[in-house]
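Trainee: Here you go, sequence then predicted model.
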Amino acid sequence: MISRSLETTLNALALIAISAVLAVAFFDQFANGELPCPLCLLQRAGFLLLAIGPVLNVARSPRPAHYGVTILAGLAGAGFAMRQVLLHIQPGDAGYGAPFLGLHFYTWAFVVFVVAIAACAALLILRAPGEEPRTAGGRPARLTGLSLVAVLLVLAMAGLNAVSTLAECGFAACPDDPTVYRLLQ
């Protein structure tokens, strides 16, 4: 069994990990000039959805329902990533974008989503019995230290990705193989 404070710390670390995943993709987008395709953007949205459960856990208190939200988001994100993996699984298909540590970002995304789902399941199993608050929703916690930094990082990545997506796609459907930022043309 794990204590509530350790559980909250693990959720804050999960938020930092999600922010790091998004930051690496964001860095690749600008450093290597590889604009994300529509499925890539959906995977980024999946990571932001994945952060909802941990944000609720650090801001309100850890609850099984919050892990349920994270698991559902992980399943959606894994579905988006697997769709892209299956699009490029044919022999001779170079895939979309340059590989990172031997795998394409969408393959890494699938792995990270599966790991996140497994981590949520493990935390649900390791929760101390009788830890449920009796009031619905729990009281908002005052975010400080690691929890505050983690939530701010996720919010910053969400904002930056929203601006980047708007610049790339404009107010129309995103192109299948983007080459320019439409809004900046």
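Mentor: Arrived safely, thanks for sending.
Trainee: Now stretch 20-33: average pLDDT?
Mentor: Stretch 20-33 carries an average pLDDT of 91.
Trainee: Show me what counts as buried in it.
Mentor: Across stretch 20-33, burial judged by 16 or more other CB atoms under 10 Å covers 21, 22, 25, 26, 28, 29. C-beta coordinates here come from the backbone N, C-alpha and C atoms, glycine included.
Trainee: so residue 21 touches residue 112, yeah?
Mentor: Yes. At 5.9 Å, residue 21 counts as touching residue 112 under the criterion of CB atoms under 8 Å.
Trainee: returning to what we had before: among the buried residues of stretch 20-33, which pair sits farthest apart?
Mentor: Pairwise distances across these (CB to CB) peak at 13.0 Å, for the pair 21 and 29.
Trainee: follow-up on the earlier one: find residues that contact each of residue 21 and residue 112.
Mentor: residue 47 (CB atoms under 8 Å, 6 or more residues apart in numbering).
Trainee: pLDDT weak spots in the chain?
Mentor: 94, 97-98, 128-141 (pLDDT under 70).
Trainee: switch the cut-off to 50
Mentor: Low-confidence segments of the chain, defined by pLDDT under 50: 134-135.
Trainee: Could you state which residue of the protein sits nearest its centroid?
Mentor: Central residue of the chain (CA atoms, centre = their mean): residue 47, 1.6 Å from the mean position.
Trainee: That one is in contact with residue 21, isn't it?
Mentor: Yes. Using CB under 8 Å, residue 47 is in contact with residue 21, at 5.8 Å.
Trainee: Pull up the overlap in contacts between these two.
Mentor: Residues touching both residue 47 and residue 21 (CB under 8 Å, 6+ apart) are 109, 112.
Trainee: max-length helix in this protein?
Mentor: helix 4-31 (DSSP state H).
Trainee: Give me the next element, helix or strand, following it.
Mentor: Downstream of helix 4-31, the first helix or strand assigned by DSSP states H and E is helix 38-50.
Trainee: next structured bit after that following helix?
Mentor: Criterion used, DSSP H and E; the element after helix 38-50 is helix 52-59.
Trainee: Specify the angle between that following helix and helix 4-31 in degrees.
Mentor: With axes from the mean of the first three to the mean of the last three CA atoms, to 10 degrees defining the directions, helix 52-59 sits at 130 degrees from helix 4-31.
Trainee: now for helix 52-59, which elements pack on it?
Mentor: helix 4-31, helix 64-87, helix 145-169 (3 or more CB pairs under 8 Å, 6 or more residues apart in numbering; DSSP states H and E).
Trainee: Please put the alpha-carbon coordinates of the following helix or strand past the second one into CSV.
Mentor: For helix 64-87, the succeeding helix or strand toward the C-terminus, using DSSP H and E, is helix 105-126. Only the C-alpha atoms of helix 105-126 are listed here, as CSV (Å, rounded to 0.1, in the frame of the first residue of the first chain):
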residue,chain,number,x,y,z
PHE,A,105,7.0,9.3,-32.4
TYR,A,106,3.7,7.6,-33.0
THR,A,107,5.2,4.2,-32.0
TRP,A,108,6.6,5.8,-28.8
ALA,A,109,3.3,7.4,-28.2
PHE,A,110,1.6,4.0,-28.3
VAL,A,111,4.2,2.6,-25.8
VAL,A,112,3.8,5.6,-23.5
PHE,A,113,0.0,5.4,-23.5
VAL,A,114,0.1,1.6,-22.7
VAL,A,115,2.6,2.3,-19.8
ALA,A,116,0.3,5.1,-18.5
ILE,A,117,-2.6,2.7,-18.5
ALA,A,118,-0.6,0.1,-16.7
ALA,A,119,0.7,2.6,-14.1
CYS,A,120,-2.9,3.7,-13.4
ALA,A,121,-3.9,0.1,-12.9
ALA,A,122,-0.9,-0.4,-10.5
LEU,A,123,-1.8,2.7,-8.5
LEU,A,124,-5.4,1.5,-8.2
ILE,A,125,-4.2,-1.9,-6.9
LEU,A,126,-1.7,-0.3,-4.5
